[in-house]
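> Could you work out the structure for the sequence below:
(chains A, B and C)
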Amino acid sequence: MLGRFLRGHDVTIRITEVEAYAGPLDPASHAYTRTPRSEIMYGPPSRLYVYRIHGHFCANVVTGPDGEASAVLLRAGEVVDGLDVALRRRGEHLAPTRLARGPGNLAKSLGITMDDLGVDLDAPRSRGVRFIAPDEIDPHPAGAGPINSVLISSGPRVGVRRNADVAWRYWITDDPTVSAYRRHPRAH
DNA sequence: CCTCCGATGTGCT
DNA sequence: GCACATCGGAGGC
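Okay, the predicted model is just below:
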């Protein structure tokens, strides 16, 4: 997923940081317990799971086969199109590298809300949220290319209390848009 | 119904 | 490093 392009409500980002959540196997996952909220993650992949926390929205891509609840949290991205719209949503004075740094800020840049819950990110669509190919972006962005041409780093997930030591956070090495690591104060 | 609390962000010390 | 805004989900009663 790193290096892919995600378009949301007239803003496009190149994904630079993600975290994996392993459903029932992972106490940090919302799908650790199967509830109405986590039900979407038990369904087919490539759907958008949106949740609200502390007044912010966060966006996940459901992964794995239908029936298995796993997901990838989108933590940071580089805005490559719709910069004016993203600045309007986030604040005109912000540095471009900070627009989509952190999952709440990423969702806000893309205009993602609970209205986008459940959309199929692989379905061709003119509006809303979906993955797009690099050649759909004009001008063609720098850094677009095979993901195996960049270095990927990994480490523990940010701010989780349970299962805090597994290295399921992945990011593009040295990318300036990647968020800072913070360990949960009461991490196990 | 009520309480607890978090996969956050921001600002201040 | 720490407080806190802010609010729905989850679970206890």
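> Run through the residues that contact the closest residue to A:Leu83 other than its chain neighbours.
Of all residues not flanking A:Leu83 in the chain, A:Pro96 sits nearest, at 6.8 Å (Cβ to Cβ, 6 or more residues apart in numbering). C-beta here means a position set from N, CA and C on the backbone, and glycine is covered the same way. Going by Cβ atoms under 8 Å, 6 or more residues apart in numbering, A:Pro96 touches A:78-79, A:83.
> Would you mind writing the ChimeraX command to select the buried ones in those?
Filtering the contacts of A:Pro96 down to the buried ones (16 or more other Cβ atoms under 10 Å) takes a single ChimeraX command:
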select /A:78,79
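> Return the subset of the contacts of A:Pro96 lying in helices.
Here DSSP state H is the test, and the contacts of A:Pro96 give A:Leu83 as lying in helices.
> Next, find the distance separating A:Leu74 from A:Ala28.
Here A:Leu74 is placed at a distance of 16 Å from A:Ala28 (Cβ to Cβ, to the nearest Å).
> Give the residue from the two that has the larger number of neighbours.
Using other Cβ atoms under 10 Å as the criterion, A:Leu74 and A:Ala28 rank with A:Leu74 on top: 26 against 19.
> centroid residue for chain A?
Central residue check for chain A by Cα atoms, centre = their mean: the C-alpha nearest the mean position is that of A:Leu74, 1.3 Å away.
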